[in-house]
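J.: pasting the sequence and the predicted model now:
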Amino acid sequence: MAKKMSITSIMKAKGARALVMITAYDALFAKLIETSADMILVGDSLNMSFAGREDTLSATLDQMIYHTNAVCNGAKESFVITDMPFGTYINKDEALKNAIRVFRETNSSAVKIEGGMDKADIVKYLTSNGIAVCGHIGLLPQSVRSEGGYKVKGRNDHEALQLIEDARAIEDAGAFCIVIEGVKAHVACEVAKSVKVPVIGIGSGASVDGQVLVFSDMLGLFEEFTPKFVKKYLDGANLVKEALACYASEVKCGAFPSEEHVY
Ligand code: KIV
């Protein structure tokens, strides 16, 4: 991407072209991702694929700030969004205090918050205090324990209407874009049509305003499980394992280091 996106250019993209969002957790991958992504998300999914935990719930604000700094160092020209982790936006004051920490201690351009109508007052409080907010509706990974698993949303009329109301409430509260996760494709399409801000889908079909994937899923590096909506653009885990095995066997047989790698 030639130039860092702004809130205005992100919002103007709706209806003009599809937006590309990819997660990153470190400087190395952020630099590789920067050229392909309009927005880089420092997702709390890092708690699973980076830290090896079972879900995102134990991610901390310190952890998110550490990884956001790494990502911003690697991708200086990118619009970076930081996930507010579980428990850091339980009320307006906590949310603002913690979001201010993200803005003071990193170069992040925005924060992301999970929830719909129930979080609209918090989104409004943040946006009216200078914090740009990306919403996140549909399947909410931070609710995995209370919901007893990852459940696809928009399966009936009631859920579909709720999602449209959630998106409108978040938009009215000042969010500049909304991630929609794990929602039936035809419902996600209606949600995207019902708001003026871009709706970025993950596991929510093609008829939205852009897509987001977790980089370690799309590069085939995360082997624990592969959700149906993930397309692997690289067989990363096997390529890495083959390279490592090659190195190990060359060390063992003395083929590495050879003359060209010796001072
Ligand atoms: O944490 C994350 O990576 C996310 C994406 C799944 C959207 O929230």
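T.: Now that the structure is in, tell me what you want to look at. Numbering: from 1, shown residues only.

J.: C-alpha from now on. contacts and neighbour counts both.
T.: Will do.

J.: who in the stretch 1-150 of the chain is up against the ligand?
T.: Within the stretch 1-150 of the chain, the positions near the ligand by Cα under 6 Å from any ligand atom are Thr23, Gly43, Asp44, Ser45.

J.: repeat the analysis, applying 5 Å as the threshold.
T.: For the stretch 1-150 of the chain, the residues in contact with the ligand (Cα under 5 Å from any ligand atom) are Gly43, Asp44, Ser45.

J.: can you pick the most crowded of the residues you listed?
T.: When neighbours are taken as other Cα atoms under 10 Å, the top entry among those is Asp44 (29 neighbours).

J.: which residues sit in contact with the residue in the stretch 101-250 of the chain that the ligand sits nearest to?
T.: Closest to the ligand within the stretch 101-250 of the chain is Val214: 5.4 Å, counting by Cα to the nearest ligand atom. Val214 makes contacts with Ile22, Thr23, Ala24, Ser45, as judged by Cα atoms under 8 Å, 6 or more residues apart in numbering.

J.: looking at those residues, which are in strands?
T.: Counting by DSSP state E, the contacts of Val214 place Ile22, Thr23 in strands.

J.: quick one, domains of this protein?
T.: What automatic domain parsing lists as the domains of the chain is 7-232, 235-263.

J.: mean pLDDT for those domains - can I get that in a markdown table?
T.: Output for these, formatted as a markdown table (pLDDT from 0 to 100):
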| stretch | mean pLDDT |
| --- | --- |
| domain 7-232 | 97 |
| domain 235-263 | 97 |
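
J.: pick the most deeply packed of those domains.
T.: Scoring these by mean neighbour count under mean count of other Cα atoms under 10 Å gives domain 7-232 as the most buried, with a mean of 20.

J.: how about the residue of the stretch 101-250 of the chain closest to the ligand, phi and psi?
T.: The phi/psi pair for Val214 (degrees, to the nearest 10) reads phi -80, psi 130.

J.: who's in contact with the host helix or strand of Leu96?
T.: Element membership for Leu96, per DSSP states H and E: helix 92-105. Helix 92-105 has contacts (Cα under 8 Å, 6+ apart) with 61, 65, 82, 84, 88-89, 108-111, 121-122, 125-126, 129, 131.
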